[in-house]
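> Sequence and predicted model, in that order:
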Amino acid sequence: MTSRPEILVVDDEPQIHRFLRPSLTAAGFAVTSAMTARDAIRATGAREPALLIVDLGLPDADGKDLIGQLRALTDAPVIVLSARDREAEKIAALDAGADDYVEKPFGIGELLARIRSALRRRVPPAEAEAIIAAGGLQIDTAAHHVRRDGVDVHLTPKEFDLLVALARHPGRVITHRQLLASVWGPAHIADVAYLRVFIGQLRQKIEKDPAVPGIILTEPGVGYRFAENDETR
């Protein structure tokens, strides 16, 4: 019998736990609860959950600090579930290592979809695919070669690096700072306008309709996301 993937819910609101536990259990997950950051760290070290849902407003620590600590213990996906809706909070949480962000109040259907998406893309680096395909786009990461609907696409080295940085994490929001640091280095983390230029160039080359992108999606004020196969046009 296959064991159920375990989700650790970290929130100091008892009603959130009462609401989430039956829904997650019915969806096929085992559920563990933590009310504080300290309990979350202890549970993560002991149980190695498949995914964590973390509130930012915890009684003994800020959730963003907790995410940084969790990243030292596990590579399991972290989904932030919080009433904090400011862009700065979302960016800080994602930069700290969160994989996704869901605002309260929320729909359980949306949260479950984001959980499934996060678990699908949890692939160990050693098993990362050399060929990435989505929406008619084929990226050969080993050969540095890109085709769109069977036609070769010429990308500059930086355009290719930017595309791969997004494509290796389909469905995950990658912040401006993360992309700039990954592709251009830490000295360029504030060059958001520069990043937008390169995103625009990429879209001109790989999107069927660059004005209505279906592969590289914008998360306003936060960053970009490479669409999963079921989202691409």
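Yes, it's here. Keep in mind it's a predicted model, so treat the numbers as computed, not measured.
> so what pLDDT did Thr2 get?
At Thr2 the predicted local distance difference test score is 50.
> And His169, by the same measure?
Model confidence at His169, given as pLDDT, is 82.
> got it, and Leu94?
In this prediction, Leu94 carries a pLDDT score of 89.
> Surely it and Val222 touch.
Yes. With contact taken as Cβ atoms under 8 Å, Leu94 and Val222 are classed as touching, separated by 6.8 Å. Quick note: C-beta positions are derived from backbone N, CA and C, even for glycine.
> May I have the one helix or strand Ala181 maps to exported as PDB, CA atoms only?
For Ala181, the element it lies in under DSSP states H and E is helix 176-183. Included here for helix 176-183 are C-alpha records, laid out as PDB according to Å, rounded to 0.1, in the frame of the first residue of the first chain:
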ATOM      1  CA  HIS A 176      12.800  39.400 -10.300                       C
ATOM      2  CA  ARG A 177      15.700  39.200  -7.800                       C
ATOM      3  CA  GLN A 178      16.000  35.400  -8.200                       C
ATOM      4  CA  LEU A 179      16.200  35.600 -12.000                       C
ATOM      5  CA  LEU A 180      18.600  38.500 -12.000                       C
ATOM      6  CA  ALA A 181      20.900  36.800  -9.500                       C
ATOM      7  CA  SER A 182      20.700  33.500 -11.300                       C
ATOM      8  CA  VAL A 183      21.400  34.800 -14.800                       C
END
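> Show residues contacting it.
Contacts made with helix 176-183 from outside it, assessed by Cβ atoms under 8 Å, 6 or more residues apart in numbering, are listed as 91, 94-95, 158, 161-162, 165-166, 188-192, 194-195, 222-224.
> try stretch 200-213
Applying Cβ under 8 Å, 6+ apart, the contact partners of stretch 200-213 are 135-137, 146, 148, 153-155, 159, 162-163, 214-216, 233.
> Stretch 99-119 now?
Applying Cβ under 8 Å, 6+ apart, the set of residues contacting stretch 99-119 from outside is 5, 7, 19-20, 23-24, 27, 29, 50-51, 53, 77-85, 90, 93-94, 171-173, 228.
> before we move on, back to that, which members of the contacts of helix 176-183 occur in helices, if any?
Among the contacts of helix 176-183, the ones falling in helices (DSSP state H) are 91, 94-95, 158, 161-162, 165-166, 192, 194-195.
> Just send the residues you listed back as TSV, with distance to Ala46 and neighbour count too.
As requested, the ones in helices among the contacts of helix 176-183 are exported to TSV (distance: Cβ to Cβ, whole Å; neighbours: other Cβ atoms under 10 Å):
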residue	distance to Ala46	neighbour count
Ile91	31	20
Leu94	26	26
Asp95	27	19
Lys158	43	13
Asp161	39	16
Leu162	39	25
Ala165	34	18
Leu166	34	25
Val192	40	15
Tyr194	44	13
Leu195	40	20
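> got the contact list for the helix or strand of the chain with the lowest mean pLDDT?
When each helix and strand of the chain is scored by mean pLDDT, DSSP states H and E, strand 131-134 comes last, with a mean of 83. In this structure, residues lying in contact with strand 131-134 by Cβ under 8 Å, 6+ apart are 138-141, 164, 167-168, 170, 215, 226-229, 232.
> between those, which is nearest Gln15?
Glu228 (31.5 Å; Cβ to Cβ).
> Hmm, Arg172 and that closest one touching each other?
No. Here Glu228 lies out of contact with Arg172, judged by Cβ under 8 Å, at a distance of 9.5 Å.
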